[in-house]
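Engineer: have a look at this prediction, sequence included:
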Amino acid sequence: MRLLPLLATVASLLSVTVAQKPHKYTTFTELSASNKGTRGTVILNDQLFNELTLPPRNYTSVVLFTALDPRFGCVLCRDFQGEYDLVASNWFRDHPKHDGLLFTVLDFSDGKATFQKLGMSTAPILMLFPPTTTGSPSEHMPLKYDMNPNDPSAAESVARWLSSQTKHAVKITRPFNYVKLFTLIFGLVGTATLSKLAYPYLAPVMYSRNLWAALSLVAVLLFTSGHMFNHIRKVPYVVQGRNGGVSYIAGGFSNQFGLETQIVAVVYSVLAFATIALCLKMPRMESAGKQKVAVMAWNLVLLVLFSFLMSLFKMKNGSYPFFLPPLIA
Ligand SMILES: *[C@@H]1O[C@H](CO)[C@@H](O)[C@H](O)[C@H]1NC(C)=O
């Protein structure tokens, strides 16, 4: 009968220790406050994760599953970590007592068993564990955040997601980016100085009519010969013909090959130069005899090339009714 008092003592001792053990919510808020490096987040391991997510929960917890060790080469993990820390530190700044929302991180190095248990083979994964003390059991299920790798404002997206899924309104204010401002100012001042210094040398180029004419001509030839069409449709350069030859002209008006457009571009440019020569060079020629010959020659070039263009048209579409001598396809 000496056993009973002993049992009673043990039981009372146990109840005392149970009563003294603080609620796990308190434990986690204290852990997060002690974490100076990443303000407002709790660094988890397998044991802490189990404790955190074990029902009942009277708090909301956000868990970032990540793999920051360089061995895993997870670039997205590193990129996302900064955004996540920003969300957590914003919440901690506005709610120093956490107010029922905890931000935590479980790195693969500290939580292999948990990663295995949850069948997670990728990182980062962001999950939300809602409280279990309210609502129906289906509302206790963890929610997964839809990660967008190219999100430049991931912190804002996460905050919006949390605000829509929980009763907590998470707000983000990004620290002012002085580096960006100074880079911008230096860039502007530098560009202005350089432009001022280089102006005497650049002005003749900038105001040169011939340069602009040449550039415009290149652009006009590029676009009228069908360069954009080739880029958009990714047409073949040439196509193997039926009897072993190469066919470089596509049949039909709604089709073309790469080489075909280059031929057309060359013809167009020679036609353009013939016209320019006739307009600008010929009137300035001193000798009337030479002028006559040159005018005839350039006109002949015009005629033959236009004739070639029309025969090319007919090659593409046999039913094209027009032609221009001397080339009749
Ligand atoms: C959860 O319950 C514990 C114990 O009652 C309490 O100390 C804590 O503040 C509660 N947490 C929240 C977020 O209400």
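Structural biologist: Thanks, I have it.
Engineer: when you work out contacts or count neighbours from here on, use the C-alpha atoms and nothing else.
Structural biologist: Noted.
Engineer: number of residues surrounding the closest residue to S61 other than its chain neighbours?
Structural biologist: Closest residue to S61 apart from its sequence neighbours, by Cα to Cα, 6 or more residues apart in numbering: L102 at 4.6 Å. Burial of L102 is recorded as 25 neighbouring residues (other Cα atoms under 10 Å).
Engineer: tell me what the host helix or strand of L102 is packed against?
Structural biologist: L102 belongs to strand 101-107 when elements are defined using DSSP states H and E. Judged by 3 or more Cα pairs under 8 Å, 6 or more residues apart in numbering; DSSP states H and E, strand 101-107 is in contact with strand 41-44, strand 60-66.
Engineer: ok so, going back, could you check the pLDDT of the residue nearest to S61?
Structural biologist: At L102, the pLDDT value in this model is 93.
Engineer: of the helices and strands packed on strand 101-107, which is nearest the ligand?
Structural biologist: Minimum separation from the ligand across those (Cα to the nearest ligand atom) falls at strand 60-66, 7.7 Å.
Engineer: list the buried residues in the helix or strand containing N90.
Structural biologist: Assigned by DSSP H and E, N90 belongs to helix 75-94. Judged by neighbour count using 16 or more other Cα atoms under 10 Å, the buried positions of helix 75-94 are 76-78, 80-81, 83-92.
Engineer: indicate the residue of the protein located nearest to the ligand.
Structural biologist: Counting by Cα to the nearest ligand atom, the chain gets nearest to the ligand through G100 (3.5 Å).
Engineer: which residues of the stretch 201-329 of the chain fall in strands?
Structural biologist: Counting by DSSP state E, counting those that start in this stretch, the stretch 201-329 of the chain has strands at residues 239-240, 246-247.
Engineer: with mean neighbour count and distance to S195 added, can I get those strands in a markdown table?
Structural biologist: Below are the strands of the stretch 201-329 of the chain laid out as a markdown table (neighbours: other Cα atoms under 10 Å; distance: least, Cα to Cα, whole Å):
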| stretch | mean neighbour count | distance to S195 |
| --- | --- | --- |
| strand 239-240 | 13 | 49 |
| strand 246-247 | 14 | 51 |
